[in-house]
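> need a structure here:
(one chain, ligands or ions: 1)
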Amino acid sequence: MVYRFGLIGYPISHSLSPWIHERFMEKTSTKGTYSLFEFAQQTPVEEIVKHLKSINVHGFNVTVPFKQQIMTFLDEIDPVANRTGAVNTVINKNGKWIGYNTDGVGYVRSLQDKFPNLFKMTPRRALILGAGGAARGIFTALVQVHFDQIDIANRTKEKAVAICRHANNDSQVLSFEEAEARLADYDIVIQTTSVGMKPNIEQTIITKEDFPSAVIYSDIIYQPIKTKFLQQAEKSGAPVHYGHTMLLYQAQYAFEIWTGKKPDIGMMDDELEQILKGR
Ligand code: NAP
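Numbers count the residues shown, from 1 in each chain. As a prediction, the model looks like this:
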């Protein structure tokens, strides 16, 4: 069997997904292609769907701006994607299109790989900075792996309240000032805002210099690899977790949904780091 995979979105010409999935195909001896299907932002999703059906793709990834819009055109949506409110992976199962969101599970897998001891701790307490699409997926996944406390700080408080309400647990919503004062109350602090992303690499959501060093600091931004937030954490002597590992593991989960094979990540995080540093 020769698979046909791809990515829809705009702009996607710099996407790392073809590299990642081609490596996965190599590693699992799977025959196939992974193409970029770039459609202008205003393209009606009906048109995109028509095209993908005509070329009979086996599965595809979805990125900005189509992650929500695609949901109307699917035959089935996985409960996690429903809760997250966005689909980033679709499988064509004998003509039936099923949507998933692999961000949260990918994030947790990357954390389990790098910080296995975190999952042996009780209680486990996380603070998420940001309440956008990625934060929503990560929140859902942390609930699934039984984090005891998951608080959220966001500029727009209502968005954080909406995520917490959805999960129906006793999560707290904080301001960034409150979050900054309470970093030591958590085992991990996860930075999911777009603050600090290239080209604004001097920006950071937490302004104080000294971070409590017993906490893991994670940033899901991967351009740059080492954000100002992670630099502050490292300077304070704290452990850090990089965003490009999430990118790999969310892709691994997508590949698994499409093919039933779970490729070994191996040294791919080092390889990806080198690619990103060269950009
Ligand atoms: P999103 O839905 O647009 O959410 C953006 C978040 O950033 C919101 O919480 C927003 O706050 C906050 N924000 C933006 N500008 C801000 C500012 N100036 N001050 C304070 N908060 C600000 O985006 P997303 O899809 O969640 O993605 C967020 C980041 O994660 C992006 O950098 C993206 O590249 C990265 N990401 C990485 C991976 C990976 O695999 N590593 C996967 C997905 C996303 P408001 O709610 O107040 O607007």
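> The ligand contacts on the chain?
Within the chain, the positions lying close to the ligand (CB under 6 Å from any ligand atom) are 103, 130-135, 154-156, 159, 192-195, 197, 220-222, 243, 246-247, 250. Bear in mind the C-beta positions are built from the backbone N, C-alpha and C, glycine included.
> now the residues you listed: which count as buried?
By neighbour count, with 16 or more other CB atoms under 10 Å, those hold 103, 130-131, 133-135, 154, 159, 192-193, 195, 197, 220-222, 243, 246-247, 250 as buried.
> In helices, which of those appear?
Residues of these located in helices (DSSP state H): 103, 133, 134, 135, 159, 243, 246, 247, 250.
> Show me where the stretch 51-200 of the chain has its strands.
59-62, 76-77, 89-93, 96-100, 125-129, 149-153, 173-174, 188-191 (DSSP state E, counting those that start in this stretch).
> and those strands as CSV, adding mean pLDDT?
Shown next, in CSV, are the strands of the stretch 51-200 of the chain (pLDDT from 0 to 100):
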stretch, mean pLDDT
strand 59-62, 98
strand 76-77, 98
strand 89-93, 97
strand 96-100, 97
strand 125-129, 97
strand 149-153, 97
strand 173-174, 97
strand 188-191, 98
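> can you tell me which of those comes nearest to residue 111?
strand 188-191 (7.7 Å; CB to CB).
> ok, and what's touching the closest one?
With CB atoms under 8 Å, 6 or more residues apart in numbering as the contact definition, strand 188-191 has outside contacts at 111, 115, 118, 124-130, 135, 138, 179, 183, 205-206, 215-221, 227, 229, 241.
> can you rerun that using 7 Å?
Here strand 188-191 makes contact (CB atoms under 7 Å, 6 or more residues apart in numbering) with 118, 126-130, 138, 183, 205, 215-220, 229.
> same check, this time on stretch 57-74
Under CB under 7 Å, 6+ apart, the answer for stretch 57-74 is 3-10, 12, 17, 41, 45, 49, 52, 77, 85-92, 97-99, 133, 254, 258.
> and that stretch, which residues are buried?
Buried residues in stretch 57-74, counted by 16+ other CB under 10 Å: 57-63, 66-67, 69-71, 73-74.
> among these, which two are most distant?
58 and 69 (21.3 Å).
> Which parts of the protein are helices?
According to DSSP H, the helices that the chain contains are 17-27, 45-54, 79-84, 103-114, 133-144, 157-167, 176-181, 228-235, 243-259, 268-277.
> Now render these as TSV, adding mean pLDDT.
As requested, these are exported to TSV (pLDDT from 0 to 100):
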stretch	mean pLDDT
helix 17-27	98
helix 45-54	94
helix 79-84	93
helix 103-114	98
helix 133-144	94
helix 157-167	89
helix 176-181	97
helix 228-235	98
helix 243-259	98
helix 268-277	96
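> distance of the closest residue to residue 77 other than its chain neighbours from the ligand?
Nearest residue to residue 77 in three dimensions, chain neighbours excluded: residue 99, at 4.7 Å (CB to CB, 6 or more residues apart in numbering). The gap separating residue 99 from the ligand is 16 Å, by CB to the nearest ligand atom, to the nearest Å.
> Wait, residue 99 touches residue 87, no?
Yes. With contact defined as CB atoms under 7 Å, residue 99 counts as touching residue 87 (3.6 Å).
> More neighbours: which of those two?
residue 87 (26 against 22; other CB atoms under 10 Å).
> Could you report the separation of the more buried one from the ligand?
Noted for residue 87: a distance of 13 Å to the ligand, by CB to the nearest ligand atom.
> any idea how far that residue lies from residue 62?
Separation of residue 87 from residue 62 (CB to CB, to the nearest Å): 6 Å.
> Including distance to residue 165, could the strands of the stretch 51-200 of the chain go into a markdown table?
Compiled in a markdown table, the strands of the stretch 51-200 of the chain are given as follows (distance: least, CB to CB, whole Å):
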| stretch | distance to residue 165 |
| --- | --- |
| strand 59-62 | 26 |
| strand 76-77 | 20 |
| strand 89-93 | 26 |
| strand 96-100 | 23 |
| strand 125-129 | 15 |
| strand 149-153 | 11 |
| strand 173-174 | 10 |
| strand 188-191 | 19 |
